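Undergrad: Can you look at this prediction? I've put the sequence above it.
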Amino acid sequence: MTDSGARSAVPQVGEGLGRAMSPQRRPFWKRNAPKVPGRSVQASPIRENLKDQKPRKTLSFQDFEDNTSDAWDDAEDEIIALSEAKLSFENLLPTSAPVNHGKTASSNQASLPQRLDEIPGENTGPVTGDFPTQSSTVKSEEASSVSRQKGVGPGVGIRQSIPEDFTPPVPPPAHTPPTLPPAEDTAESGDWNVAQSESRPNPPSRLSRQLGRQPSDDKSLSEREGVKLKKVQEFIAGPNTDLDALKKLVWSGIPREARPTVWKLLSNYLPANVERRCMMLERKREEYFRFVDQYYPSRTQEIHVETWRQIQVDIPRMNSQLPFFRQSSIQEIYERVLFIWAIRHPASGYVQGINDLVTPFFVVFLSEYTDLDVITEDFDASQNLDPKALNAIEADCFWCLSKLLDGIQDNYTFAQPGIQLKVNKLRELVKRIDAPLHAHLEAHMVEYLQFAFRWMNNLLMRELPLRCTIRLWDTYLAEPQGFSSFHLYVCAAFLIRWRKDLLRERDFQGLMLHLQNLPTIHWGDDEIGLTLAEAYRLKYMFADAPNHLNQKKNT
C-alpha cells in the first residue's frame, strides 16, 4: 500500500486539525475511549480478523438448554426419591443434621477433639449434647466436598441422600425449673397474704408507708440508714449542735427515729445547747396553753366568728381518707392550734390551706410517743396515748407551725401577694428552661395561677402523699429559705417531670384535669429525691442570676 493509500485509509478528524495519531502514539486517555457522535471509527486488527470469520449460526432456545447444565439438575434424581418417600420426624432429623453441622465443621475442627475427650464413652456410642459425633462430622465433610466437586450451589445440601449408617445426635432433655420448697410462714398485713421467704422483707405497715419507711425498715434499719442515724445522734447529743453541719447531713433525708428532734432543732424551736432543751420545752408548752386559756374562749365572739367558722369547715375536709384524723380529740387539737395562731397573727389571720400544714408536724411528733399504726380505725388517740403526750404534741405543732409561717407569711396576707409573686416567677422560670412546654400551655390558654396557686398555698401537700411530704420537708428544713425560695424550684422541677404527659393533651380541659390530678399516689423517696435534685440544679443555675428570671425585652 502506497503512502497515499495509507493516508486515505486513516480517517481525518476534521479540516485543519492534521492527521490522526496512531493507537501507540495516542494519549492513554484516548486509546479506549468509547464511541461518541462525530468521532470516526478506526480500523483495528481485531475488527479485521472478525471480518474473516464465518457468521455464527443462530442458536435456538433448545440448543441453549442442551448446552447448559443447571446446578439443581445434579440432585434431580434424589429429589424424586425424596418426594416419593414418606419421611417421619425421625427421618427428618438426620436429614437436616449434615447441613447444620457441615457449616460449623471447619470452625470447630480444632476444638472438637478436645471437647470429645472430655465426654465419657465417645467411642462406644453417640454423644449427647450440642456437639455432633465424630463419624457424623466426617460424613458431613465428605458430603460437602462432593457437593463442591459437582459444583452444587448453596442450599443443595438438603437434597443429598441420607447416609445409611448415620446416627443422629440425641437432643438434650428439656430443662425443668427447680422446685422451690414450700414456705413455712405467711405474713398477713392489710392486703398482703403471701408466703414470705428469707430474702423478702415483711410488708410495710400503713404507718410505715405514711412516714416514708422502706419495707425493710419494719424489723431493722438498713446499714446505710444505721450509719446515718448514728451520725445524726452524735450531732444531737453534743453539748452544742452544729446546725449547719446537721443540715448538710440531713439534706437527703432524716432517719425516722431522729426526725422529731431534728425537725424541732431545724425549726429553731429547740436550742442548739443540750442543757437548755428540757427547760425550753417546758416553758414553751406552758406558754402555749396560757394562750389557749386566754384566747380560745373568745372563738364564739362576733369578731372571731368568721375565722372560727372557716376553721370548722376546713378541718373535716382535711385528710378525710384517714380515719385517724376524723376522731374528735384530734380535730379539737387542730381547732385550738389554728385558732390561736390566727388570733396571734391578725395581719393574715386564718387562710384556707394552713390547716394542711399542721399534719406533717403532728404525724412526725406523734411517732416520738408511739410506734403503733395510728392510721387504722382501731387506734383511739384519747385511749392509747397519755393526755400529757397529746398536750406536748399540740404545743410542739403550734410553735413549729409558727416558725414555718413566719417565713412565708406574705403568702397569707390580704390578696396573698407572696403566692402571686411566686407564680409569676414560676412562669418565667419554666419559660426559660422548657420553652416548648410553656408555649403549649400558653397556646391552650392555661394560666399558671390556675394550677400553681394550690402548689404554693399548700406546699404541694394536695399533690403528694403524706409520706412524700414528710420526706420533702426534711430537705426544706435543711435548705436555707426552703419553704419560700427553694419551693419555687421544686415546683418547676415537679412541673417539668410531667412534660411528656402534658404535651400529649390537646385541649384546655385535658391539661387542667391532668394538672389537678397528678398520678403520685405510688411515689416514694426515690421520686422525691430525683425531684429535689433537679430543683437544686435549677436553683444553682438561676438563684444567683436574677436577670434570668427578670429578663426585659430589648426596646
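TA: Everything's here; your move. Every value quoted in this text rests on a predicted model; they were computed, and no experiment measured them.

Undergrad: hang on, residue 520 in a helix?
TA: No. Counting by DSSP: H, G, I helix; E, B strand; the rest coil, residue 520 falls outside a helix, being coil.

Undergrad: Next, the contact list for it, please.
TA: 463, 464, 465, 468, 527 (Cβ atoms under 8 Å, 6 or more residues apart in numbering). Glycine gets a C-beta too; all of them are placed from N, C-alpha and C.

Undergrad: 6 Å - rerun?
TA: Taking Cβ atoms under 6 Å, 6 or more residues apart in numbering as the contact definition, residue 520 lies against residue 464.

Undergrad: Pass me the low-pLDDT residue ranges in the stretch 101-250 of the chain, would you?
TA: 101-221 (pLDDT under 70).

Undergrad: residue boundaries of the helices in the stretch 251-400 of the chain?
TA: Taking DSSP state H, counting those that start in this stretch, the helices of the stretch 251-400 of the chain run over residues 259-266, 277-295, 305-317, 328-344, 358-366, 381-384, 387-407.

Undergrad: possible to save these as JSON lines with distance to residue 542, mean neighbour count and mean pLDDT?
TA: Shown next, in JSON lines, are these (distance: least, Cβ to Cβ, whole Å; neighbours: other Cβ atoms under 10 Å; pLDDT from 0 to 100):
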{"stretch": "helix 259-266", "distance to residue 542": "25", "mean neighbour count": "23", "mean pLDDT": "96"}
{"stretch": "helix 277-295", "distance to residue 542": "38", "mean neighbour count": "14", "mean pLDDT": "96"}
{"stretch": "helix 305-317", "distance to residue 542": "35", "mean neighbour count": "15", "mean pLDDT": "93"}
{"stretch": "helix 328-344", "distance to residue 542": "33", "mean neighbour count": "19", "mean pLDDT": "95"}
{"stretch": "helix 358-366", "distance to residue 542": "27", "mean neighbour count": "23", "mean pLDDT": "94"}
{"stretch": "helix 381-384", "distance to residue 542": "44", "mean neighbour count": "13", "mean pLDDT": "79"}
{"stretch": "helix 387-407", "distance to residue 542": "20", "mean neighbour count": "19", "mean pLDDT": "95"}
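
Undergrad: Export these as JSON lines, with columns for distance to residue 436.
TA: Output for those, formatted as JSON lines (distance: least, Cβ to Cβ, whole Å):
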{"stretch": "helix 259-266", "distance to residue 436": "38"}
{"stretch": "helix 277-295", "distance to residue 436": "51"}
{"stretch": "helix 305-317", "distance to residue 436": "37"}
{"stretch": "helix 328-344", "distance to residue 436": "42"}
{"stretch": "helix 358-366", "distance to residue 436": "35"}
{"stretch": "helix 381-384", "distance to residue 436": "50"}
{"stretch": "helix 387-407", "distance to residue 436": "34"}
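
Undergrad: Nearest to residue 536 among the ones you listed would be which one?
TA: Nearest to residue 536, of all those, is helix 259-266, at 17.4 Å by Cβ to Cβ.

Undergrad: thinking again about what came up before, residue 251: which of the helices of the stretch 251-400 of the chain is closest?
TA: When those are compared by Cβ to Cβ, helix 259-266 sits nearest residue 251, at 10.6 Å.

Undergrad: any low-confidence regions in the stretch 351-500 of the chain?
TA: Short version for the stretch 351-500 of the chain, where the test is pLDDT under 70: 373-378.

Undergrad: ok so, going back, can you say which of the helices of the stretch 251-400 of the chain is nearest to residue 444?
TA: helix 305-317 (30.0 Å).

Undergrad: who's in contact with the helix or strand hosting residue 224?
TA: Assigned by DSSP states H and E, residue 224 falls within helix 223-237. For helix 223-237, contacts defined as Cβ under 6 Å, 6+ apart pick out 241, 246, 255, 258, 261.

Undergrad: Mind checking which of those are buried?
TA: The neighbour count (16 or more other Cβ atoms under 10 Å) marks 241, 246, 255, 258, 261 as buried among the contacts of helix 223-237.

Undergrad: quick check, nearest of those to residue 514?
TA: Checking these against residue 514 by Cβ to Cβ gives residue 255 as the nearest, at 35.2 Å.

Undergrad: distance of that closest one from residue 262?
TA: Applying Cβ to Cβ, to the nearest Å, the value for residue 255 to residue 262 is 9 Å.

Undergrad: got any residues that touch both of these two?
TA: Residues within reach of residue 255 and of residue 262 at once, by Cβ under 6 Å, 6+ apart: there are none.

Undergrad: picking up where we left off before, and the contacts of helix 223-237, which two are furthest apart?
TA: Within the contacts of helix 223-237, 241 and 255 form the most distant pair, 15.6 Å apart (Cβ to Cβ).

Undergrad: out of the buried ones among the contacts of helix 223-237, who's nearest residue 281?
TA: The closest of these to residue 281 turns out to be residue 261 (Cβ to Cβ; 10.8 Å).

Undergrad: So what's the residue count around residue 267?
TA: For residue 267, the tally of surrounding residues (other Cβ atoms under 10 Å) stands at 17.

Undergrad: backbone phi and psi for it, please?
TA: Main-chain dihedrals, residue 267, degrees, to the nearest 10: phi -90, psi 0.

Undergrad: And it, how close does it get to residue 484?
TA: Using Cβ to Cβ, residue 267 is found at 14 Å from residue 484.

Undergrad: Burial check on residue 226, number of neighbours?
TA: When neighbours are defined as other Cβ under 10 Å, residue 226 has 12 of them.

Undergrad: How about residue 233?
TA: By the criterion of other Cβ under 10 Å, residue 233 has 15 neighbours.

Undergrad: And for the one 10 residues further on?
TA: Residue crowding around residue 243 was assessed by other Cβ under 10 Å; the count is 14.

Undergrad: Can you tell me how far residue 409 is from residue 351?
TA: Residue 409 sits 10 Å away from residue 351 when distances are taken as Cβ to Cβ.

Undergrad: ugh, wrong one, I meant residue 532
TA: For residue 532 relative to residue 351 (Cβ to Cβ), the value is 27 Å.

Undergrad: residues in contact with residue 516?
TA: With contact set as Cβ under 6 Å, 6+ apart, residue 516 has no partners.

Undergrad: mind listing the strands for this protein?
TA: Along the chain, the segments classed as strands by DSSP state E run 186-189, 192-195.

Undergrad: From residue 230, how far off is the nearest residue in space to residue 348 that is not next to it in sequence?
TA: Nearest residue to residue 348, sequence neighbours excluded (Cβ to Cβ, 6 or more residues apart in numbering): residue 412, at 4.1 Å. According to Cβ to Cβ, residue 412 stands 40 Å off from residue 230.

Undergrad: Neighbours of residue 385, how many?
TA: By the other Cβ under 10 Å criterion, the neighbourhood of residue 385 contains 18 residues.

Undergrad: Start the count at 5 instead of 1 going forward.
TA: Okay, residue one is now 5; in that scheme the one you just asked about reads as residue 389.

Undergrad: ok, and for stretch 231-247, which residues are buried?
TA: Buried positions in stretch 231-247, judged by neighbour count with 16+ other Cβ under 10 Å: 232, 233, 235, 236, 239, 240, 245.
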